[in-house]
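1. just coords:
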């Protein structure tokens, strides 16, 4: 009896086909996985931007709409207690100005605390500013160079308003609204405390950066708020306006800002640029004609425009009289996500105030970014008011 042994197995061709199919299936699975990771990073980045910016921008808009409440009738750099704060005793439109009372803060000082009055001047670093206007060397003051866009410097927006009721400012401090006090045996209603807020970019220190941003410039949009009373109150009346047990409502001097000039609180994290444009109603009156136009200026351009007009009118070379009033504020905020994209780069160019701008080399393009813009009408702006540029 003859026994035959046979050996079954795969041929070389079968092995090659199996390996090829396996590689194709593995590649397809890997592609699906990578696509899933990319989609997840895009969705997470978009969600992060929405959560970080939308609510912050809405709060800024709310405060801007309150600006000038209970203050001046108009918004321009020559009006005392105007809601848009552009000038102070040491930060005038023209340094040779003789009537120094024609400024937005008009003698009000800063540096106050809950126990002492301050005597610091409100310098340019705490006013509405942009571009090449002078910045301050003080750590918490505005610095125009805090920007991740090439050839665009960030702005600072400073506003003030009277608290219509007990409320909280952008730093979460309680502000006292209107209150009745006993004045010489008679109940007298005094206005609410004035809230002054400034919005600016502040650089994140290296120790506070996440791993993803350790090698890039990172900024936060912050708000610094203070409170003061513009009414002339005695020490007893100041004590009477304080809300019992609420330390932030305690003021020790009138026309003296408390808690203003610090680093503030973060409103929107991871902001590459914060820009401000002022919508200005310009009324030019000549002997034969009056023209009214709405023009948008950066704060720097607006101050320069006022200087030029004033110099022409004071020299007698101007044939027209020009009046101005700021009636709106336009904001632009470039926000980036917390984590970089997986496997791809993001955009490097963005439309800011209608112009294409490019990211600087101080940051990375490997993040999702969004530009948010908002145009807010200011209080009292719907009624046309003429605010003449004074002879100074």
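-> All right, it came through fine. All figures in this text were calculated on a predicted structure; none of them were measured in a lab. Residues are numbered from 1 along each chain as shown.

2. where does the stretch 51-200 of the chain dip in pLDDT?
-> Counting by pLDDT under 70, the stretch 51-200 of the chain has low-confidence residues at 51-53.

3. where do the strands sit along it?
-> Using DSSP state E, counting those that start in this stretch, the strands of the stretch 51-200 of the chain run over 109-112, 157-162, 167-168, 174-175, 179-183, 186-190, 194-203.

4. name the helices or strands packed onto the first one?
-> On a contact count with 3 or more C-beta pairs under 8 Å, 6 or more residues apart in numbering; DSSP states H and E, strand 109-112 meets strand 219-228, strand 256-258. In short, each C-beta sits where N, CA and C put it, glycine included.

5. Out of the ones you listed, which gets nearest to residue 305?
-> Among the helices and strands packed on strand 109-112, the nearest to residue 305 by C-beta to C-beta is strand 219-228 (26.9 Å).

6. before we move on, the earlier item: so which of the strands of the stretch 51-200 of the chain gets nearest residue 302?
-> Set against residue 302 and scored by C-beta to C-beta, the strands of the stretch 51-200 of the chain come closest in strand 157-162, at 12.8 Å.

7. Give me the residues contacting the closest one.
-> 63-64, 66-71, 81, 83-86, 126-128, 191-200, 276, 329, 331 (C-beta atoms under 8 Å, 6 or more residues apart in numbering).

8. Could you rerun that using 7 Å?
-> In this structure, residues lying in contact with strand 157-162 by C-beta atoms under 7 Å, 6 or more residues apart in numbering are 63-64, 66-71, 83-85, 126-128, 191-192, 194-199, 276, 329.

9. if you look at those residues, which of them are in helices?
-> Among the contacts of strand 157-162, the members falling in helices (DSSP state H) are 63, 64, 66.

10. I'd say the second one and residue 329 touch.
-> Yes - counting by C-beta atoms under 7 Å, residue 329 is a contact partner of residue 64 at 5.7 Å.

11. shared neighbours, those two?
-> Counting by C-beta under 7 Å, 6+ apart, the contacts common to residue 64 and residue 329 are residue 376.

12. Kindly present the helices and strands packed on strand 109-112 as a markdown table, with separate columns for mean pLDDT.
-> A markdown table is the format used below for the helices and strands packed on strand 109-112 (pLDDT from 0 to 100):
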| stretch | mean pLDDT |
| --- | --- |
| strand 219-228 | 97 |
| strand 256-258 | 97 |
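
13. As JSON lines, those with distance to residue 59 and mean neighbour count would be great.
-> Output for the helices and strands packed on strand 109-112, formatted as JSON lines (distance: least, C-beta to C-beta, whole Å; neighbours: other C-beta atoms under 10 Å):
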{"stretch": "strand 219-228", "distance to residue 59": "8", "mean neighbour count": "24"}
{"stretch": "strand 256-258", "distance to residue 59": "21", "mean neighbour count": "25"}
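
14. ok, the residue nearest to residue 151 when sequence neighbours are not counted - how many residues close by?
-> Excluding the flanking residues, the one nearest residue 151 by C-beta to C-beta, 6 or more residues apart in numbering is residue 357, at 7.4 Å. Neighbour count of residue 357, defined by other C-beta atoms under 10 Å: 21.

15. Which secondary structure state does residue 357 sit in?
-> strand (DSSP: H, G, I helix; E, B strand; the rest coil).

16. Which pLDDT value belongs to it?
-> At residue 357, the model reports a pLDDT of 96.

17. contacting residues for residue 209?
-> Contacts of residue 209 by C-beta under 7 Å, 6+ apart are residue 218.

18. related to what we said a few turns ago, the residue nearest to residue 151 against residue 347, yeah?
-> No - shown here, residue 357 and residue 347 do not form a contact pair, counting by C-beta under 7 Å, at 11.2 Å.

19. Tabulate the helices and strands packed on strand 109-112 in TSV, adding columns for distance to residue 337.
-> TSV is the format used below for the helices and strands packed on strand 109-112 (distance: least, C-beta to C-beta, whole Å):
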stretch	distance to residue 337
strand 219-228	14
strand 256-258	36
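
20. what's the closest of these to residue 109?
-> strand 256-258 (5.3 Å).

21. contact partners of that closest one?
-> 108-110, 112-114, 117-118, 196, 226-228, 251.

22. just stretch 91-105 next, same as before
-> Stretch 91-105 has contacts (C-beta under 7 Å, 6+ apart) with 77-82, 85-89, 122-124, 127, 303, 306-307, 310, 390, 392.

23. looking at the sheet around residue 296, what are its partners?
-> Judged by DSSP bridges, the bridge partners of residue 296 are residue 279.

24. Tell me how many other residues surround it.
-> Neighbour tally, residue 296, other C-beta under 10 Å: 15.

25. Check whether it really touches residue 277, as I assumed.
-> Yes - with contact defined as C-beta under 7 Å, residue 296 counts as touching residue 277 (4.6 Å).

26. other SSEs contacting whichever strand or helix holds residue 331?
-> Using DSSP states H and E, the element containing residue 331 is strand 321-336. Judged by 3 or more C-beta pairs under 7 Å, 6 or more residues apart in numbering; DSSP states H and E, strand 321-336 is in contact with helix 12-66, strand 271-285, helix 299-315, strand 349-352, strand 369-377.

27. Would you mark the buried spots in it?
-> Neighbour-count burial for strand 321-336 flags 321-329, 331-336 (criterion: 16 or more other C-beta atoms under 10 Å).

28. Give me the distance from it to the chain's centre.
-> Offset of strand 321-336 from its chain centre (C-alpha atoms, centre = their mean, to the nearest Å): 12 Å.

29. ok and it relative to strand 157-162, angle-wise?
-> Angle, strand 321-336 to strand 157-162, by axes from the mean of the first three to the mean of the last three C-alpha atoms, to 10 degrees: 110 degrees.

30. can you tell me how far residue 195 sits from residue 31?
-> Look at residue 195 and residue 31: by C-beta to C-beta, to the nearest Å, they are 55 Å apart.
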